[in-house]
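A.B. asks: curious how this folds, go ahead:
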Amino acid sequence: MRKNMIVTLKDITTKITKGTTPTSIGCKFEKSGINFIKSESLVDGKTIDKSKFAFISERTHERLKRSQIEENDILFSMAGMFLGKTGIATAEVVPANTNQAVAIIRVDDTKANYEYVYYYLNQKSVIHTINTTSAQSAQPNINLKQIGEIKINLPDRKKQDQIVSLLSAIDLKISNNVEINDNLEQQA
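C.D. replies: Residues are numbered from 1 along each chain as shown. From the prediction side, this is the model:
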């Protein structure tokens with residue numbers, strides 16, 4: 001069994017990019033259509049808050065080809081008060097696109113488990129590092145180069161899968177407990 005390797009995020013991904021606001025290329029938002037995910041949709045946990053989506057047309061989505069989101073992409077808020085928040089794009093949110101405040105991190109499945117990378121990025125120590133190295137201006141932000149340089153402690157694939165299995169089970173229990181508490185509050 002090999003020791004853990006320290007790699008950078010760019011070493012284990014096929015894509016790290018961000019989007020563009022449709023209005024900056026002469027397009028507009030729509031009442032329905034292709035999901036357009038902004039940083040405020042990234043909340044605590046893997047789930048992306050669909051109630052905060054905007055929408056774009058198919059034509060606009062095609063014009064914004066660089067930032068088309070695929071299933072299992074990690075979405076990473078790279079600006080503002082949501083800095084460092086993450087989510088995972090599921091089949092139910094794609095097709096989708098995003099703006100310049102959200103990075104798309106596409107993990108190379110031959111090199112790492114995307115869920116392991118998601119959990120790694122959500123460690124308090126990583127979030128603290130992101131927030132202390134971000135450019136401090138009126139709106140804190142981190143750029144794509146800095147995201148690509150994030151160091152990942154990468155065990156072998158079997159260990160990654162075991163960690164994901166354990167953490168996913170804990171997430172499910174937490175989700176179930178939240179649902180039970182919500183139901184009890186509604187009944188009270």
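
A.B. asks: please make it C-alpha for all contacts and neighbour counts, starting now.
C.D. replies: OK.

A.B. asks: name the helices or strands packed onto the helix or strand where N97 lies?
C.D. replies: N97 belongs to strand 96-98 when elements are defined using DSSP states H and E. Helices and strands touching strand 96-98, as assessed by 3 or more C-alpha pairs under 8 Å, 6 or more residues apart in numbering; DSSP states H and E, comprise strand 34-37.

A.B. asks: circling back to that earlier point, continuing past the strand holding N97, what's the next helix or strand?
C.D. replies: strand 102-107.

A.B. asks: what inclination does the next helix or strand after that following strand have with respect to strand 102-107?
C.D. replies: On the C-terminal side of strand 102-107, the closest following helix or strand by DSSP H and E is helix 114-121. Orientation of helix 114-121 against strand 102-107 (axes from the mean of the first three to the mean of the last three C-alpha atoms, to 10 degrees) gives an angle of 130 degrees.

A.B. asks: those strands in this structure, which residues are they?
C.D. replies: Residue ranges of the strands in the chain, as given by DSSP state E, are 5-8, 13-18, 34-37, 54-56, 74-77, 86-88, 96-98, 102-107, 151-154.

A.B. asks: neighbours of R59, just the number please.
C.D. replies: A total of 10 residues lie near R59 under the criterion other C-alpha atoms under 10 Å.

A.B. asks: now swap in the one 3 residues further on and tell me
C.D. replies: By the measure other C-alpha under 10 Å, the count of residues near E62 is 12.

A.B. asks: measure it to K18 for me?
C.D. replies: Spatial separation of E62 from K18 under the definition C-alpha to C-alpha, to the nearest Å is 15 Å.

A.B. asks: equivalent analysis for V178, please.
C.D. replies: 32 Å.

A.B. asks: cool, K151 as well?
C.D. replies: K151 sits 20 Å away from K18 when distances are taken as C-alpha to C-alpha.

A.B. asks: between these two, who's got more neighbours?
C.D. replies: Applying other C-alpha under 10 Å to K151 and K18 shows that K18 carries more neighbours, namely 24 against 17.

A.B. asks: can you check what angle separates the longest helix along the chain from helix 114-121?
C.D. replies: What stands out as the longest helix in the chain, according to DSSP state H, is helix 157-187. Compare the direction of helix 157-187 with that of helix 114-121 by the same axes, to 10 degrees and you get 70 degrees.
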